[in-house]
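>>> Okay, here's the prediction I keep looking at, along with the sequence it came from:
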Amino acid sequence: MLVVTSVKRYIRRVQFTGRSSYSVTLPKSWILLHGLRERDQVVIEEAGSALIIKPLKVAEATSRERAIVLERAESPESTARRVIAAYVMGFGKITVRGAIDASTRNAIREVVLRKLPGVEIISESDSEVTLQVLLDPTSIPLASAAERLAKAASYMLRDACTLLSRVDSTLAREIVSEDDGVDRAYFYIIRLINYMAMGLCEIQPGLSLVDLLAYRSVSKLIERIGDHAANIARYAIELSGAGAEFAEASKMCIVAHSLFERGVSAFSSRNPLVVDEVAEEVEALKAQERSLLEKSSSTLTTRDFVALKMILESIRRVAEYSKDIAEIALDLAISSLAAK
């Protein structure tokens, strides 16, 4: 059965207040329905020609709790994924209940320590572990958090390029461990975006809902680039030495790193003109990848050739993700290119 709800319609006169502000009054019935009082805040969202007004749910944001009940067949990794999901969805207290063995407890501790900023274990027993998020989700502006994420991934990728020209197992392990820092920055960003999208905090000045979607997409691409930098380091450890093939791969990696930097810069500045040149260089890099694999198939050992193939695939993925970032910059700036 289709249920049609009536839409109440109010007409209000726009008032000019102060030197540059306009105001309209809100219906008293709506104020009372949502329990709002003087000085309470509301969220105003732009949706085309319409405005959407919602109460700012600060009280709900601070008291949100999530209980995760373990099933018997659930793995420690599955529990860790659920904890991460509760974190990014904005819950302030996360309780895991059930038969918690040592491996599950260690998985929870690992994810808290390595992946989730601002989380502490406040109590634990054989049947329950409670986590509390102490970090204010609005303490770091979204643009600053995204910049921090991009820098962390950029450092990883730069070091991975260096690693290909001089195999160094110590540097490789350091690059792999840096991926946790990228994940921490990424999960904070997703938590902050979800907070704003759900009305749990005010959308930061200068941002729209479209911007939030763009930041979420770009952040995921950067997080994946961090993963590929770690992959390059892992396969570099497998190499028997740094030959000419890997010196060429290092140069290709440096090109991919440059594309990443330009893509991020284009997104930050909303520059729509970078994407074409980045796309051309990505295609050139793909051709170089094919050529290098053909030359190396008969000169490298099977082990080194497999490692080289996986390294080149990660380099190509970095370049392609960088192009995707530049394309998002184009999407956001396309109105400025539209014919007047």
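Ah, there it is.
>>> part of a helix, is S139?
No - under DSSP: H, G, I helix; E, B strand; the rest coil, S139 falls outside any helix and is assigned coil.
>>> Count the residues that sit near K295.
By other C-beta atoms under 10 Å, 13 other residues sit near K295. From N, CA and C alone the C-beta is placed, and that goes for glycine too.
>>> Just list the residues touching it, thanks.
If you count contacts by C-beta atoms under 8 Å, 6 or more residues apart in numbering, K295 has them with E245.
>>> Try it again at 10 Å.
By C-beta atoms under 10 Å, 6 or more residues apart in numbering, the contact list for K295 reads A244, E245, E248.
>>> wait, isn't the second one in contact with E289?
No - judged on C-beta atoms under 10 Å, E245 makes no contact with E289 at a distance of 11.7 Å.
>>> tell me, what's touching the two both at once?
Common neighbours of E245 and E289, counting by C-beta under 10 Å, 6+ apart, are L308, L312.
>>> ok, back up a step: now the contacts of K295 as TSV including distance to R270 and neighbour count?
Below are those laid out as TSV (distance: C-beta to C-beta, whole Å; neighbours: other C-beta atoms under 10 Å):
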residue	distance to R270	neighbour count
A244	41	10
E245	39	21
E248	35	19
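>>> Reformat those into CSV and put secondary structure, distance to S127 and pLDDT next to each item.
CSV is the format used below for the contacts of K295 (DSSP: H, G, I helix; E, B strand; the rest coil; distance: C-beta to C-beta, whole Å; pLDDT from 0 to 100):
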residue, secondary structure, distance to S127, pLDDT
A244, helix, 59, 83
E245, helix, 55, 85
E248, helix, 56, 92
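>>> Mind jotting down where the helices sit in the stretch 51-200 of the chain?
For the stretch 51-200 of the chain, helices defined by DSSP state H, counting those that start in this stretch occupy the ranges 58-63, 76-88, 102-114, 142-165, 169-197.
>>> Would you format those helices as CSV with mean pLDDT included?
Below are the helices of the stretch 51-200 of the chain laid out as CSV (pLDDT from 0 to 100):
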stretch, mean pLDDT
helix 58-63, 51
helix 76-88, 92
helix 102-114, 92
helix 142-165, 95
helix 169-197, 93
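>>> Export those helices as TSV, with columns for distance to R270 and mean neighbour count.
Formatted as TSV, the helices of the stretch 51-200 of the chain follow (distance: least, C-beta to C-beta, whole Å; neighbours: other C-beta atoms under 10 Å):
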stretch	distance to R270	mean neighbour count
helix 58-63	30	13
helix 76-88	26	19
helix 102-114	33	16
helix 142-165	12	21
helix 169-197	18	19
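>>> Now do the contacts for P55.
The contact partners of P55, by C-beta under 10 Å, 6+ apart, come to W30, I31, L33, H34, G35, L36, D40, Q41, V42, V43, G199.
>>> What residues are bridge-paired with it?
Counting by DSSP bridges, P55 is bridged to V42.
>>> What distance do you get for it to L36?
6 Å (C-beta to C-beta, to the nearest Å).
>>> where do the contact lists of those two overlap?
W30, V42.
>>> all helices for the stretch 201-340 of the chain, in order.
Listed in chain order, the helices of the stretch 201-340 of the chain (DSSP H, counting those that start in this stretch) span 209-237, 244-269, 275-296, 302-337.
>>> now those helices in JSON lines, with distance to S75?
JSON lines is the format used below for the helices of the stretch 201-340 of the chain (distance: least, C-beta to C-beta, whole Å):
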{"stretch": "helix 209-237", "distance to S75": "21"}
{"stretch": "helix 244-269", "distance to S75": "34"}
{"stretch": "helix 275-296", "distance to S75": "36"}
{"stretch": "helix 302-337", "distance to S75": "27"}
